[in-house]
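Visitor: mind folding the following:
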Amino acid sequence: MQENVLRSILLFFEFRSALSLKEIVISVSEVRSTYKEKNVRQIVQLLSDASCFQRVRGFHHRLLINLEQNFQNYESLRNAYDVQFIRSAIVFGFNTSPEVWSKLLYGTEENELSMELILNQLSTRYSFSKLIEQFESLVRCGDDSSKQLLKIKKKFKALCQLDFTNDNPKQISNNEVFYSTWIKITSSLNSIKHILELLINFNKQKINKTSHPPKLVLEGNKWIVEYYSGRSDLKITETNMIHTIYVYKCSNSTLIVHGKVNSITLDQCTNVGIQFTSVVSLVEFVNCCQIKAQVMENVPTIQIEKTDGCHIYLSNLSLNTIFITSKSSEMTINVPFGDGEYKEYPIPEQFKICLQDGNNSLLYQMNHLVFKNRGY
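Guide: Numbering: from 1, shown residues only. Model prediction:
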C-alpha cells in the first residue's frame, strides 16, 4: 500500500499543483478506493512529518510543493522516504533492519497488517512518551541556554497522560465525567500554551547566536566534518588506513564512511547516525546525545564518554569489539541474528559496591555482556 501511495503522490506533482495534506489524502483515497481512508491518512501524515518532505519544505506551512524539482523520479523519492522513515521509526523504538523495513513497506498485501500496526504505534501516547525521553536527553547535551527547556518536561508528561477516550456511551450524560473532561482540556491547553511560550523564547535566543558554516574537508590525514544539520547524504569515500575522522557539533544528520580508516571521533553531536566499514584503532563518542552507529565489518574498540543515548549495531565480524564507557547513559549493543533482525543488549549503568568482609578492599557487582559467535 505504501508503494501505491508514493506513486500516486508523485503523479500529482506532474500537474505542478500545490496540494495540501488534506487534498492529498482525499485524492489518494479516491484513486485507491480499496484502502481505508484512515490508513491512507496515517501514511500521508507520516510522509509529511517523518519523511524527506519535512526537510525539503524549508518553511512551516502544510503545502507540499516544489518536490518535483528535488525528486525527478519515483526511485529517488522512495529512497529518500525510506531513509527518513527508518530513522524516525528507530527513534520510536522499532529496531528493525532496513531489509525488513523494505519488505514491510513494499511487500505483498500480507505485510499490510504488520505495517498498519506499526503506524498505529507511531501515533499512540507510547510514542509521545519516547519523544519526551529523547527531548530530556537532548536538553542535557545542549548548552546552558538549553537547560531552561527542562521546565516544560512536566507539561509534556501531563499531555502524555491525558486520555479522552470513553468506552461507555452512558457516561456521556454524567455531569461529573463531563466536568472532569473539561478539566483535562483546560489543563492540556494551559500546558500547550506554556510549552509554546518557552519554545518561542528559546528559538529567538538561538537565532541571535552566530552560526558556523558547515565543513567537510580533508586536512592532511584528518577528515573534518563540522556544523552540519539536517543532512542525510554526508559521505566520505576517499579513505586511507592512516586517515582519522573528526565529527564536531553536527545534528540531525547521517554520515557514511567507506573503506578502512584509523579512527573516528564524534564530539558534541546530537541525533547523528554514522555507518562505517572498518576501523583500525577505535571509535569514540564524547559529549554526544542520541547517537546511532552501525559497524559493517570490524572495529576493535568503541569508547563512549559523557554521552546520553548511544546505540551500536554490530556486524557478524565485529562481535569481539571491546566497549569502554564512562559517565554515559541509555547505551545499547545490537547484535545481528536471524533474517536481518537485531538482539538488543543494554550496557549496565548501575553498580553495586560494598566492603568485602571488613578487608581493605571493595566488591563490585554488575551485569556482564558476553557475545559468542553462535547463539547470543
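
Visitor: list the buried residues in the helix or strand where Leu266 lies.
Guide: Assigned by DSSP states H and E, Leu266 belongs to strand 251-267. By neighbour count on 16 or more other Cβ atoms under 10 Å, the buried set for strand 251-267 is 251-257, 260-266. In this view, the C-beta of every residue, glycine as well, is placed from N, C-alpha and C.

Visitor: likewise stretch 281-288?
Guide: Under the neighbour-count rule (16+ other Cβ under 10 Å), stretch 281-288 has 282-285, 287-288 buried.

Visitor: likewise stretch 321-331?
Guide: Buried residues in stretch 321-331 (16+ other Cβ under 10 Å): 321, 325, 328, 330-331.

Visitor: hmm, who's touching that stretch?
Guide: Here stretch 321-331 makes contact (Cβ atoms under 8 Å, 6 or more residues apart in numbering) with 137, 295, 299-312, 314, 333, 346-347, 349, 369.

Visitor: by mean pLDDT, which helix or strand of this structure comes out lowest?
Guide: Lowest on mean pLDDT, DSSP states H and E among the helices and strands of the chain sits helix 52-57, with a mean of 42.

Visitor: closest one of the buried residues of strand 251-267 to Val272?
Guide: Val272 lies nearest to Ser253 out of these, by Cβ to Cβ, at 5.5 Å.

Visitor: okay, and Ile324 sits in which element?
Guide: strand 322-326.

Visitor: alpha carbons of that strand, as CSV, please.
Guide: Presented in CSV, the C-alpha positions along strand 322-326 are these (Å, rounded to 0.1, in the frame of the first residue of the first chain):
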residue,chain,number,x,y,z
ILE,A,322,35.6,-4.0,23.3
PHE,A,323,33.4,-1.3,24.8
ILE,A,324,34.7,1.3,27.3
THR,A,325,32.1,3.6,28.9
SER,A,326,32.2,6.4,31.4
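
Visitor: partner strands of that strand, with direction?
Guide: Using DSSP bridges, the strands paired with strand 322-326 are strand 301-305 (parallel).

Visitor: could you give the mean pLDDT of the strand it pairs with?
Guide: When pLDDT is averaged over strand 301-305, the result is 95.

Visitor: orientation of that strand relative to strand 251-267 in degrees?
Guide: Our comparison of strand 301-305 with strand 251-267, counting by axes from the mean of the first three to the mean of the last three Cα atoms, to 10 degrees, yields an angle of 110 degrees.

Visitor: low pLDDT regions in the chain?
Guide: 1-211, 357-376 (pLDDT under 70).

Visitor: per the record, what domains does it have?
Guide: Domains of the chain are assigned by automatic domain parsing as 2-123, 138-208, 215-365.

Visitor: quick check: bridge partners of Leu216?
Guide: Beta-bridge partners, per DSSP bridges, of Leu216: Val225.

Visitor: state the distance from it to Ile256.
Guide: Noted for Leu216: a distance of 12 Å to Ile256, by Cβ to Cβ, to the nearest Å.

Visitor: could you do Leu234 as well?
Guide: Leu234 is 7 Å from Ile256, where distance means Cβ to Cβ.

Visitor: joint contacts of the two?
Guide: Counting by Cβ under 8 Å, 6+ apart, nothing touches both Leu234 and Ile256.

Visitor: CA atoms of whichever helix or strand comes after the strand holding Ile324 as CSV?
Guide: Later in the chain than strand 322-326, the nearest helix or strand by DSSP H and E is strand 329-337. The C-alpha trace of strand 329-337 is given here as CSV (Å, rounded to 0.1, in the frame of the first residue of the first chain):
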residue,chain,number,x,y,z
SER,A,329,23.5,6.6,29.9
GLU,A,330,21.0,4.8,27.6
MET,A,331,23.6,2.7,25.8
THR,A,332,22.7,-0.4,23.9
ILE,A,333,24.6,-3.0,21.8
ASN,A,334,22.6,-4.6,19.0
VAL,A,335,23.8,-7.9,17.7
PRO,A,336,22.6,-9.4,14.4
PHE,A,337,20.7,-12.7,14.4
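
Visitor: taking strand 322-326 as reference, get the angle to strand 329-337.
Guide: 170 degrees.

Visitor: strand 329-337 pairs with which strands?
Guide: strand 308-313 (parallel), strand 341-346 (antiparallel).

Visitor: quick check: which of those strands is buried the most?
Guide: strand 308-313 (a mean of 23; mean count of other Cβ atoms under 10 Å).

Visitor: CA atoms of that one as CSV?
Guide: This file holds the C-alpha atoms of strand 308-313, laid out as CSV (Å, rounded to 0.1, in the frame of the first residue of the first chain):
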residue,chain,number,x,y,z
ASP,A,308,23.3,10.2,26.6
GLY,A,309,21.8,7.7,24.2
CYS,A,310,24.3,5.6,22.2
HIS,A,311,23.1,2.7,20.2
ILE,A,312,25.7,0.5,18.4
TYR,A,313,24.7,-2.0,15.7
